[in-house]
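Student: Any chance you can model this:
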Amino acid sequence: MAPDVTAAPTSSVPDQPEAQPTTPLAIPDYRRFWFARFLAVFSTLSMVVLIAYQTYDVARADYGMDIPTASLMLGMLGLAQFVPLSLLTPVAGVAADMFDRRRVVLFANCIDASIALAIGYATWADALTLPLLFGLAAAHGSARVFNGPALSAIAPNIVPPRLLPRAIALSSIAWQVGTVVGPAVGGLLFERSPSLPYFLSAGLLVVSGALISSIRPVKARQVGPRRHPFRQIADGFHFIRHERFLLGCITLDLFAVLMGGATAMLPVFARDILMVGPEGLGFMRGAPAVGAALVAAYLSIRPFEENVGVKMLWAVVAFGAATIGFALSTNFYLSLGILALLGAADMISVFIRSSLIQLNTPDDKRGRVSAISGLAVSASNELGELQSGLAAAVLGAVGAVVFGGVGAIIVTGLWAYIFPELRRARTFTAKFLHEDESKEETPA
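Tutor: Take a look at the predicted model:
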């Protein structure tokens, strides 16, 4: 008689080599994780893009600011989101390593849904002001800081390590498709009813949280005795500081994207340079994700296996070059094509970096390392918006984006010299895979 699999522990299934999954999509928990991630990205990216557009529009229309000053407001909006991110990231990392990661994600999604409802109501009531937009953006940053580390750390718990690079590529597809569809749909709905995309985002965030909650319990495997939370925070920073390869990966993204991000200036290009309005902004914001999604789909089938470090560095150089090309374009459709190339280059870098970070981090530290990595990404994005806003106030929007693209290329060259470990990385699992991660755990 066949064994009663319902009596098996919820954390694993008896080893049956013939039943080993060959793709992450064969794992039910991963499928729920993938769809939840898509809905969350769809919702939050739609919100982020529209908040930026409304901030710039309110600054120009209601406060009478000129283009450079209103551009600076976009930089201040990025700063408003970064401050809570920087303060709460260490706490969020510890939370992802101490508690059930599903519950952490659900908590963050519910907070973000409440923020979406608040912005939707203020938009409907025509009560938007710059202080209100900055305050709600800061609250969104606070919610996102808890979502990122816990969500990133879930995938390695529900797929075997041998499938992790493919799982990361597929997860990136969810991210990129959400990044394409969310802003595009949000822009279209905004044209018809400015409050509608926010109410839609609130509902989808709740559904995303429910899907994550349906996954089997996901809590980090603890190694050794329980340590004080402040000690755990220090352990996370100590681990990265002494792993030069991880330090190089994380800081490369921080400084390259900090310099090269063109995203902050998209509302300026949409409203006053290309003159395509919020609908065009939605397509511009989604264009990088089109290129990224195509690359991610390819990598989910044929992931890189050799010379991954060199490929990551060249991808960042291509990202900087595409940034310069976008700044100099005056044709909307050409700009969309260049943004797609920019997203494709960024996806290669993200795929390699994310795979190496996850495979080089023991599970009991994944939440904290993901939090620190997420802080670097957020710093590159939000502080990059501040840098772009300040540069635009001096150089104009076009000059600021060109300056950032050149800076990204220079940073990549410096990091290739400072961190030779990046150039020497040949495969995902050669000398970098920790021994305690080499044992596969068959998912439920």
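Student: Let me see the mean pLDDT of the helix or strand encompassing Trp415.
Tutor: For Trp415, the host element (DSSP states H and E) is helix 384-418. Helix 384-418 carries an average pLDDT of 81.
Student: Can you name the next helix or strand after that helix?
Tutor: Using DSSP H and E, the next helix or strand after helix 384-418 towards the C-terminus is helix 420-424.
Student: Flag every buried residue along that following helix.
Tutor: Glu421, Leu422, Arg423 (16 or more other Cβ atoms under 10 Å). (C-beta placed from N, C-alpha, C; glycine too.)
Student: Out of these, the closest to Asp66 would be?
Tutor: Leu422 (42.4 Å; Cβ to Cβ).
Student: Surely that closest one and Arg244 touch.
Tutor: No. Leu422 is not in contact with Arg244 according to Cβ atoms under 8 Å; the separation is 9.3 Å.
Student: Give me the below-cutoff pLDDT ranges for the protein.
Tutor: 1-19, 218-243, 257-262, 305, 358-387, 426-444 (pLDDT under 70).
Student: packing partners for the strand or helix carrying Val58?
Tutor: Here Val58, judged by DSSP H and E, is contained in helix 28-61. Secondary-structure packing of helix 28-61 (3 or more Cβ pairs under 8 Å, 6 or more residues apart in numbering; DSSP states H and E): helix 67-98, helix 101-124, helix 130-158, helix 164-192, helix 196-213, helix 266-268, helix 277-301.
Student: contacting residues around the fifth one?
Tutor: Pointing back at helix 196-213 there. Contacts to helix 196-213, defined as Cβ atoms under 8 Å, 6 or more residues apart in numbering, come from residues 32-33, 35-37, 39-40, 42-44, 46-47, 50, 102-103, 105-106, 109-110, 112-114, 116-117, 119-120, 123, 151, 154, 185-186, 189-190.
Student: In ChimeraX, select just the buried ones from those residues.
Tutor: Typed into ChimeraX, the line below selects the buried ones among these, using 16+ other Cβ under 10 Å:
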select :32,33,36,37,39,40,42,43,44,46,47,50,102,103,105,106,109,112,113,116,117,119,120,123,151,154,185,186,189,190
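Student: Quick one: neighbours of Met98, just the number.
Tutor: Met98 has 16 neighbours, counted by other Cβ atoms under 10 Å.
Student: what separates it from Gly309, distance-wise?
Tutor: Distance of Met98 to Gly309, given as Cβ to Cβ, to the nearest Å: 33 Å.
Student: Identify the nearest residue to Phe255 in space, disregarding sequence-adjacent positions?
Tutor: Val411 (4.7 Å; Cβ to Cβ, 6 or more residues apart in numbering).
Student: cool, Ile67 as well?
Tutor: Among residues not flanking Ile67 along the chain, Asp272 sits closest, at 5.7 Å (Cβ to Cβ, 6+ apart).
Student: thinking again about what came up before, pick the most deeply packed of the helices and strands packed on helix 28-61.
Tutor: helix 266-268 (a mean of 28; mean count of other Cβ atoms under 10 Å).
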